[in-house]
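S.K.: Structure for this input, please:
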Amino acid sequence: MPQQTVICLTGPTASGKTEFAIRLRERFPFEIISVDSVLVYRGMNIGTAKPDAETLQRAPHKLIDIRDPEESYSVGEFVRDAKVEICKIFKTGRIPLLVGGTMMYFYALTEGINELPKADQHVRAQLNADAASLGWIAMHKKLATIDPNAASRINPNDSQRIQRALEVFEISGRTMTEWQIGKRRPANTFLKIALVPGSRTLLHERIDFRLREMFKNGFVEEVETLRKRPALSNQDSSMRAVGYRQIWSHLDGIYDLSTAAVKALTATRQLAKRQLTWLRSNKNLHSFDPIEDKTLSAVMMLLNKYLD
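M.R.: Take a look at the predicted model:
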């Protein structure tokens, strides 16, 4: 395998990426780098399905618990931090294994990205106020008039990406599409592996089971604790994550807990659908069904081919 080839393991939420990555690490000289926009936050453990302390001791993950939930963490910051960790791992003679489901992070790292303008809290606050008045569907229509290419790539319900695209335009006067023209190419090459369940029904069952376990393990209490942080609001990126957003609204009295649970389940399924859509459109991707018994051996065969 070329010295600077990085292994990527991705897939939809609840597809078993973390456990699969740990099993690979037990068999290959891998060090894991998390590719997850929510696992970066401290104090957000249950609702993110963050690996527990025992698991992290057995298989350390880079880029977990590196931000407080009040702080933002941009795609550009992830690319910068991931590149640093990749270099460190290569210097030890081991191989980086990037694991997660934040597809924009994977895209930016593997395809290259320009350094976008940093977040502006005043601009963001105004966009949030506009969205509260008009709704995110209307904000998506606004984006479509400014940057139709970006709007076509962003789901009308994806408030975070709509906000960021509008914010970039407001700050710089350039669209997200214009920023992406002439983007810098990555220095590494990437072997991309995806865990893609062949049965949508089984994936939904796994999502449902995991979410029920989160509620049993204290998901609501975790959000209650987070709400006590004086600087944290439901407009922060961390609290707009799937599950956290719905429970925050429940604690605000907007709807009861059973409704919040249903909305969280629906949002998680929608997230999985978006992830699968991205995976289907991705080139040079080696896909495997995590439900099948032969998947681990098949992935190991692929890796051995590159390692030889």
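S.K.: Please enumerate the helices of the stretch 51-200 of the chain.
M.R.: Residue ranges of the helices in the stretch 51-200 of the chain, as given by DSSP state H, counting those that start in this stretch, are 53-58, 75-91, 103-111, 121-134, 136-146, 148-153, 159-172, 176-180, 200-216.
S.K.: now these as TSV including mean neighbour count?
M.R.: C-betas here are computed from N, CA, C, even on glycine. Putting the helices of the stretch 51-200 of the chain into TSV (neighbours: other CB atoms under 10 Å) gives the following:
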stretch	mean neighbour count
helix 53-58	11
helix 75-91	17
helix 103-111	20
helix 121-134	14
helix 136-146	17
helix 148-153	16
helix 159-172	20
helix 176-180	19
helix 200-216	15
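S.K.: got those helices as JSON lines, with distance to Gly243 columns?
M.R.: JSON lines is the format used below for the helices of the stretch 51-200 of the chain (distance: least, CB to CB, whole Å):
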{"stretch": "helix 53-58", "distance to Gly243": "20"}
{"stretch": "helix 75-91", "distance to Gly243": "21"}
{"stretch": "helix 103-111", "distance to Gly243": "18"}
{"stretch": "helix 121-134", "distance to Gly243": "20"}
{"stretch": "helix 136-146", "distance to Gly243": "18"}
{"stretch": "helix 148-153", "distance to Gly243": "24"}
{"stretch": "helix 159-172", "distance to Gly243": "14"}
{"stretch": "helix 176-180", "distance to Gly243": "27"}
{"stretch": "helix 200-216", "distance to Gly243": "7"}
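S.K.: least reliable of those helices going by mean pLDDT?
M.R.: When these are compared by mean pLDDT, helix 176-180 comes last with a mean of 81.
S.K.: Next, Val299: secondary structure please.
M.R.: Classification of Val299 by DSSP: H, G, I helix; E, B strand; the rest coil places it in helix.
S.K.: quick one: contacts for it?
M.R.: The contact partners of Val299, taken as CB atoms under 8 Å, 6 or more residues apart in numbering, are Phe20, Leu24, Ile193, His286, Phe288.
S.K.: so how far is Asn234 from the closest residue to Gln235 other than its chain neighbours?
M.R.: Distance criterion CB to CB, 6 or more residues apart in numbering; nearest residue to Gln235, sequence neighbours excluded, is Asn128 at 5.2 Å. Distance of Asn128 to Asn234, computed by CB to CB, to the nearest Å: 10 Å.
S.K.: Please name the nearest non-neighbouring residue to the residue most central in space within the chain.
M.R.: In the chain, the residue lying closest to the centroid (CA atoms, centre = their mean) is Thr102, at 2.4 Å. When the adjacent residues along the chain are set aside, Thr102 lies closest to Ser37, with 4.4 Å between them (CB to CB, 6+ apart).
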